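> kindly generate the corresponding structure for this input.
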Amino acid sequence: MEYKTGYVSLVGKANAGKSTLINALIGEKVAIVSPKPQTTRNNILGIITKEYHQIVFVDTPGIHVSKNALDKYMMKNVRSAIGGSDIVVYLIDGSKKLTDDEIAYVDNLVKKENPVIVAITKIDVTKYEKVYPMLARLSEIKGIKEIIPLSSLKKRNLDVLENAILKLLPVSEQKNFLFAEDEYTDKSLRFMVAEAVREKALYLYDEEIPHGIAIEVVRFEEGEKLVEIDIDITCERDSHKSILIGKHGFKLKELGEQARHDMETLLNKKVMLKLFVKTKKNWRNRPNDISNVGYNGEE
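Numbers count the residues shown, from 1 in each chain. Below is the predicted model:
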């Protein structure tokens, strides 16, 4: 009997659809999603386990030009994921124009040791006339194993992607699964409730505010029917703190209510959530500060 197991990194520009894809593949919400760039900060694993194979997907931050220490941390995560993967799936937003820098990035990827699959996402919101030139141009790059147009929301061609991955995964005569068969992510409940707050902030607040915050769970006490959670929200300026809280605290209350709803769905219990906002100026540019709020700031 043959078993297949391996790591598959999902890589691409911000908003290419990596987190939406991993959630659709796993069938559980393992990564937060928003229309804003740089939603994903950490590498997040999503695990598919079937009788004879286990695929460990790695959702990575969007590829971007680093502007601060936090950005450098995120790009370090991308490089680490690529280096530690058996397969790389590069995602291209099918609703946008294919750029020269993406072509160059893919061309560079296929020159590395990892097999590369290219997925053209969001075909449910674009037209064939837009996708066809992408297919033609990508097909000129020698070394790409498969080019697969897909839709995560409509679940179109996800099976095609999974089958293409299975063809390339390492084979073993032993059952060498990396995670327990009932695990679907490597992230703890504390991480996931913190991400629930950050996701809602990305939708509720404009411009730089949500990108300049860090979420830290300082208390997580789980009882039989109730989970009590205290969370610190760190921002960079006192003016941002005022915006986060809102007039008479209404904005922070709205953030808490929306996040609590997701937490109760995740934990299947009632949640008592308390949010606290504090200011730490310019924290995204200080490696020690970004490490203190849950990220490894070392470059």
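> which SS class is residue 36?
Following DSSP: H, G, I helix; E, B strand; the rest coil, we place residue 36 in the coil state.
> hang on, isn't it packed against residue 208?
No. Judged on Cβ atoms under 8 Å, residue 36 makes no contact with residue 208 at a distance of 10.4 Å. For every residue, glycine as well, the C-beta is placed using N, CA and C.
> compare the two (neighbour count), which wins?
Shown here are residue 36 and residue 208; by other Cβ atoms under 10 Å, residue 36 has more neighbours (16 against 12).
> so which strand or helix has the closest residue to that one other than its chain neighbours?
Closest residue in space to residue 36, ignoring its immediate chain neighbours: residue 202 at 5.1 Å, by Cβ to Cβ, 6 or more residues apart in numbering. In this structure, residue 202 is located in helix 189-204 according to DSSP states H and E.
> downstream of that helix, the next helix or strand is which one?
Going down the chain from helix 189-204, the next helix or strand is strand 214-222, by DSSP H and E.
> mind listing what's buried along that next one?
Neighbour-count burial for strand 214-222 flags 214-217 (criterion: 16 or more other Cβ atoms under 10 Å).
> of the residues you listed, which is the nearest to residue 238?
residue 214 (16.0 Å; Cβ to Cβ).
> tell me the contacts of the residue lying closest to residue 294 once chain neighbours are set aside?
In this structure, residue 294 finds its nearest non-sequential neighbour in residue 216, 5.9 Å apart by Cβ to Cβ, 6+ apart. If you count contacts by Cβ atoms under 8 Å, 6 or more residues apart in numbering, residue 216 has them with 194, 231-232, 234, 293-294.
> just the endpoints, please. Distance across stretch 48-60?
For stretch 48-60, the first-to-last residue distance is 17 Å (Cα to Cα, to the nearest Å).
> what lies in contact with that stretch?
Stretch 48-60 is contacted from outside by 1-11, 18-19, 22, 25-26, 30-31, 40, 43-47, 77-78, 81, 84-85, 162, 165-166, 169, 177-179, 181-183, using Cβ under 8 Å, 6+ apart.
> return a ChimeraX selection command for the buried portion of those residues.
Buried residues within the contacts of stretch 48-60, by 16+ other Cβ under 10 Å, are selected in ChimeraX with:
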select :3,4,5,6,7,8,9,10,11,18,19,22,25,26,30,31,40,43,44,45,46,47,77,78,81,85,165,169,177
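> sorry, back to before: contact partners for the residue nearest to residue 36?
Going by Cβ under 8 Å, 6+ apart, residue 202 touches 32, 34, 36, 39, 210.
> any low-confidence regions in this protein?
For the chain, applying pLDDT under 70 flags the ranges 296-299.
> and the helices in it?
Using DSSP state H, the helices of the chain run over 18-26, 69-83, 100-109, 128-138, 158-168, 189-204, 238-245, 250-267, 287-292.
> return the most buried member of the ones you listed.
Of all the helices of the chain, helix 18-26 carries the top mean neighbour count, a mean of 23, counting by mean count of other Cβ atoms under 10 Å.
> which other helices and strands contact that one?
strand 3-12, strand 44-49, strand 53-59, strand 116-121, helix 158-168 (3 or more Cβ pairs under 8 Å, 6 or more residues apart in numbering; DSSP states H and E).
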